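**Student:** Okay, here's the prediction I keep looking at, along with the sequence it came from:
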Number of protein chains: 2
Amino acid sequence: MNTLVFNSKDIEIGDEMSKFWKDYPDIERELEYVKETMQKVSKSSEQYLNNSFDYLYSTGGKMLRPAFLIIGSLFGTKNVENAENIRQLAAAIEMLHSATLVHDDIIDESYLRRGKESIHSKYSKEYAVYMGDYLFSQCFLMLSEFDISHTLLKELAKGISMICKGEMIQNQYRYNLDISVRKYLKIISGKTAALFAASLSAGANETDLDSKQIKKIAKAGHHIGMAFQLTDDLLDYKSDEKTLGKEVQSDILRGYYTLPIILSLNSEYSSDIKKILLKDTLKKEDISLLIELTQKSGAIDKTEEMAERYTKKAIEDIQGLPDSKGKNILLEIIPKLLKRNY
Amino acid sequence: MNTLVFNSKDIEIGDEMSKFWKDYPDIERELEYVKETMQKVSKSSEQYLNNSFDYLYSTGGKMLRPAFLIIGSLFGTKNVENAENIRQLAAAIEMLHSATLVHDDIIDESYLRRGKESIHSKYSKEYAVYMGDYLFSQCFLMLSEFDISHTLLKELAKGISMICKGEMIQNQYRYNLDISVRKYLKIISGKTAALFAASLSAGANETDLDSKQIKKIAKAGHHIGMAFQLTDDLLDYKSDEKTLGKEVQSDILRGYYTLPIILSLNSEYSSDIKKILLKDTLKKEDISLLIELTQKSGAIDKTEEMAERYTKKAIEDIQGLPDSKGKNILLEIIPKLLKRNY
């Protein structure tokens, strides 16, 4: 196994949520309500538990998934009647996402999340396992506690199940040099795109859109999720020479071979790349060479093209829907979200 | 932290389920269907995943919780119409229970479960974390996929949430010498009794019993669960001198101070017991002395009395319900279940 080092990507101090949504005060305000809901439902008579949840929520990111749920609810021609329903749904989705992050950090031995200590590092691995389980169960309790249709509940449960399966499969393919492009796309479809699709469509489900339109929104969510993940994958390969020394290629070191690596393993540079990846410890020079080879092989360009293709598909899906506030916002933030790194 | 050793309690080879239910062929047959359902819903196109689920299910125990659900469904005056519903519910409950065991084994560093390698030991810790998550999510998916009332769904979700919270609190109180009897009973109420109550009442919910009667069944389940946990706690203290050397007091070594220890910490032997528990490593002699002191203090007798009190309460609850097949079976197996160790 390769050595693990802190990932400089993680060190982003400040309130990501406010920064990202500053041009959309309505969304930002709703996300604040969502945060409050999460805090409220996690409250118990155990002070220790309360503190740990407050801490967890203070390390929150952009809150993309609940934001997508809210944006989905703005796709109708009328205002959604029950704003409280949307907040509850959004909080449930974010708690689920938090559960997966708390467990991911244990597995990846990440000691920092967004510049703050991760849960297993601040408390303990044991506590982090149970905290993730509790967040899962709270998500489900919230979903069951209020009035959503059986169909929606089933869709959300399917989404949750797909995420967990995606994580299992991804974990099984760690350090595997033979993973195919097809398999990789299937993994990220479950691990990332499923929740984007579920969030957008769960929100849209509360509007007056018909089922065909809701399916289209789900498809858009899937495409955004795919593009989002590929864009994230590219982070490891887009650092220029000046920052290269500092940048740690965390995915590679952790045995997660993402699309740039997979594509370059199918290129003429395959054997050189394999030689590096099979080393016990990767030095800075190895990483530099790896990035160079990936670029030379055209894999970076191809990954970018693929991300762009998914983005275009998402935009097409959305443009096919009736005009609405949600449509405007989504079309505006897509470039902001998916072009941020290149 | 105390040293960890294999727990001889774990080494029970053979098919526990068939052995325990051999006098109840109807229950045994239904449990076989439940097993099939679990296998069916876990199937995917990933052979590796399939093998790991087959392995997990091959290490199954008595399947008490799904059996309780089935027994609950036999409390009505008529046969339950939809046997398939009961099997699905029972499978969902057992998958949830499996999820908690898979995660517990990681935390307790248990390398064996019922004489076979535990999941994290056979596969990896990473895989075990995700497998538990996936089992949780499959449980939710199954609950959401078929036709149960919103009230029942909410009750089950609450039960699941209570289990996870119980585990978090229990973990927080590890190695804590100041845990009160009241706090301990609250922990096991969440960790163990909640699922017994949920299983029995979810089954009864499918019958023609009224809500008051279903509440009574839930109460019986709670009392059985409490007695079951206290009986289990006593295992560590009931070994005679001959087996003492071999028997490992796993709960104590892992920092889980159960009722016998908690009660004796409130006795005249408190300071002697504290002295032992505060040692870095516990030797055989320490354990022998600890058990001796616990017995002398009367804590073992008191724990037994308490288990008996809960058992009596459960029997009273059940006797207050109309005659039925379920009632007969439950009254027959209670002594078998709760007297097995003393």
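**Tutor:** Now that the structure is in, tell me what you want to look at. Residues are numbered from 1 along each chain as shown, chains lettered A, B, ... in the order given.
**Student:** Could you double-check that residue A:196 sits in contact with residue A:66?
**Tutor:** No - with contact defined as Cβ atoms under 8 Å, residue A:196 does not reach residue A:66; the gap is 11.6 Å. In this view, the C-beta of every residue, glycine as well, is placed from N, C-alpha and C.
**Student:** which of these two has more neighbours?
**Tutor:** residue A:66 (31 against 25; other Cβ atoms under 10 Å in any protein chain shown).
**Student:** Now do the buried residues in stretch A:33-41.
**Tutor:** A:33, A:34, A:35, A:37, A:38, A:41 (16 or more other Cβ atoms under 10 Å in any protein chain shown).
**Student:** Out of those, which comes closest to chain B?
**Tutor:** Nearest to chain B, judged by Cβ to the nearest Cβ, of those is residue A:41 at 9.7 Å.
**Student:** Can you show me the CA trace of the helix or strand containing that closest one as PDB?
**Tutor:** Per DSSP states H and E: residue A:41 is located in helix A:25-42. Output of helix A:25-42 as PDB, limited to C-alpha atoms (Å, rounded to 0.1, in the frame of the first residue of the first chain):
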ATOM      1  CA  PRO A  25     -29.800  34.800  -0.900                       C
ATOM      2  CA  ASP A  26     -33.000  32.700  -1.100                       C
ATOM      3  CA  ILE A  27     -31.100  29.400  -1.400                       C
ATOM      4  CA  GLU A  28     -28.600  30.500   1.300                       C
ATOM      5  CA  ARG A  29     -31.400  31.300   3.700                       C
ATOM      6  CA  GLU A  30     -33.100  28.000   3.100                       C
ATOM      7  CA  LEU A  31     -29.800  26.200   3.600                       C
ATOM      8  CA  GLU A  32     -29.500  27.900   7.000                       C
ATOM      9  CA  TYR A  33     -32.900  26.500   7.900                       C
ATOM     10  CA  VAL A  34     -31.700  23.100   6.700                       C
ATOM     11  CA  LYS A  35     -28.700  23.400   9.000                       C
ATOM     12  CA  GLU A  36     -31.000  24.300  11.900                       C
ATOM     13  CA  THR A  37     -33.200  21.300  11.100                       C
ATOM     14  CA  MET A  38     -30.100  19.000  11.200                       C
ATOM     15  CA  GLN A  39     -29.100  20.400  14.500                       C
ATOM     16  CA  LYS A  40     -32.600  20.100  15.900                       C
ATOM     17  CA  VAL A  41     -33.100  16.500  15.000                       C
ATOM     18  CA  SER A  42     -29.700  15.500  16.300                       C
END
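**Student:** what about that helix, near chain B?
**Tutor:** No - on the criterion Cβ under 8 Å from any Cβ of the partner chain, helix A:25-42 is out of touch with chain B, staying 9.7 Å away.
**Student:** Please list the outside residues in contact with that helix.
**Tutor:** When contacts are defined by Cβ atoms under 8 Å, 6 or more residues apart in numbering or on different chains, helix A:25-42 is touched by residues A:17-18, A:21-22, A:49-50, A:53-54, A:57, A:60, A:63, A:66-67, A:70-71, A:83, A:86-88, A:90-91, A:94-95, A:138, A:141-142, A:329.
**Student:** Keep only those of those that are in helices.
**Tutor:** Among those, the members falling in helices (DSSP state H) are A:17-18, A:21, A:49-50, A:53-54, A:57, A:66-67, A:70-71, A:83, A:86-88, A:90-91, A:94-95, A:138, A:141-142, A:329.
**Student:** Show me which of these are buried.
**Tutor:** A:17, A:21, A:49, A:53, A:57, A:66-67, A:70-71, A:86-88, A:90-91, A:94-95, A:138, A:141-142, A:329.
**Student:** Show me the subset of those residues that also lies near chain B.
**Tutor:** Subset of those in contact with chain B: A:49, A:138, A:141, counting by Cβ under 8 Å from any Cβ.
**Student:** residue contacts, the first one?
**Tutor:** The contact partners of residue A:49, by Cβ under 8 Å, 6+ apart, come to A:42, B:165, B:168, B:169, B:172.
**Student:** Dump those residues to CSV, plus neighbour count and secondary structure.
**Tutor:** Below are the contacts of residue A:49 laid out as CSV (neighbours: other Cβ atoms under 10 Å in any protein chain shown; DSSP: H, G, I helix; E, B strand; the rest coil):
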residue, neighbour count, secondary structure
A:42, 20, helix
B:165, 23, helix
B:168, 26, helix
B:169, 22, helix
B:172, 19, helix
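**Student:** can you list those residues in TSV and add distance to residue B:76 and pLDDT?
**Tutor:** Listed next are those as TSV, based on distance: Cβ to Cβ, whole Å; pLDDT from 0 to 100:
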residue	distance to residue B:76	pLDDT
A:42	38	89
B:165	32	88
B:168	36	88
B:169	36	89
B:172	41	86
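**Student:** just those now: which is nearest residue B:319?
**Tutor:** Nearest to residue B:319 among the contacts of residue A:49, counting by Cβ to Cβ, is residue B:165 at 31.6 Å.
**Student:** Would you confirm that the closest one contacts residue A:135?
**Tutor:** No - taking contacts as Cβ under 8 Å, residue B:165 lies outside contact range of residue A:135: 11.0 Å.
**Student:** What's the separation between the closest residue in space to residue A:123 that isn't next to it in sequence and residue A:124?
**Tutor:** Distances taken as Cβ to Cβ, 6 or more residues apart in numbering or on different chains place residue A:52 nearest to residue A:123, at 6.1 Å, with adjacent residues excluded. Using Cβ to Cβ, to the nearest Å, one gets 11 Å for the distance from residue A:52 to residue A:124.
**Student:** out of everything not next to it in sequence, what's closest to residue A:97?
**Tutor:** residue A:65 (5.3 Å).
**Student:** OK, contacts around that neighbour?
**Tutor:** Residue A:65 is in contact with A:90, A:93, A:94, A:97, A:195, A:196, A:199, counting by Cβ under 8 Å, 6+ apart.
**Student:** ok, residue A:122 - contacts?
**Tutor:** residue A:55 are the contacts of residue A:122 under Cβ under 8 Å, 6+ apart.
**Student:** same deal with residue A:226?
**Tutor:** By Cβ under 8 Å, 6+ apart, the contact list for residue A:226 reads A:185, A:188, A:189, A:192, A:193, A:307, A:310.
**Student:** out of these, which are inside helices?
**Tutor:** Using DSSP H, the subset of those located in helices is A:185, A:188, A:307, A:310.
**Student:** of all those residues, which comes closest to chain B?
**Tutor:** Within those, the smallest distance to chain B is 14.5 Å, found for residue A:185 (Cβ to the nearest Cβ).
**Student:** The closest one: how many residues sit nearby?
**Tutor:** 17.
**Student:** Quick check: closest non-adjacent residue to it.
**Tutor:** Leaving aside its chain neighbours, residue A:185 sits nearest to residue A:226 (7.3 Å; criterion: Cβ to Cβ, 6+ apart).
**Student:** do residue A:200 as well
**Tutor:** Spatially, and ignoring its direct neighbours in sequence, residue A:200 is nearest to residue A:221 (3.7 Å; Cβ to Cβ, 6+ apart).
**Student:** would the one you found count as being in a strand?
**Tutor:** No - according to DSSP: H, G, I helix; E, B strand; the rest coil, residue A:221 belongs to no strand; its state is helix.
**Student:** picking up where we left off before, can you pick out the residue with more neighbours from residue A:52 and residue A:124?
**Tutor:** Neighbours were counted for residue A:52 and for residue A:124 using other Cβ under 10 Å; residue A:52 has more, 21 against 17.
**Student:** The closest residue to residue A:219 other than its chain neighbours and residue A:218: what is the separation?
**Tutor:** Closest residue to residue A:219 apart from its sequence neighbours, by Cβ to Cβ, 6+ apart: residue A:317 at 5.1 Å. From residue A:317 across to residue A:218, the span is 9 Å (Cβ to Cβ).
**Student:** Of these two, give the one with the bigger neighbour count.
**Tutor:** Between residue A:317 and residue A:218, residue A:218 has the larger neighbour count (other Cβ under 10 Å), namely 24 against 20.
**Student:** by how many degrees do the strand or helix carrying the more buried one and helix A:64-72 diverge?
**Tutor:** Per DSSP H and E, residue A:218 falls inside helix A:211-234. Between helix A:211-234 and helix A:64-72, the angle comes out at 150 degrees (axes from the mean of the first three to the mean of the last three Cα atoms, to 10 degrees).
**Student:** Good, we can wrap up now.
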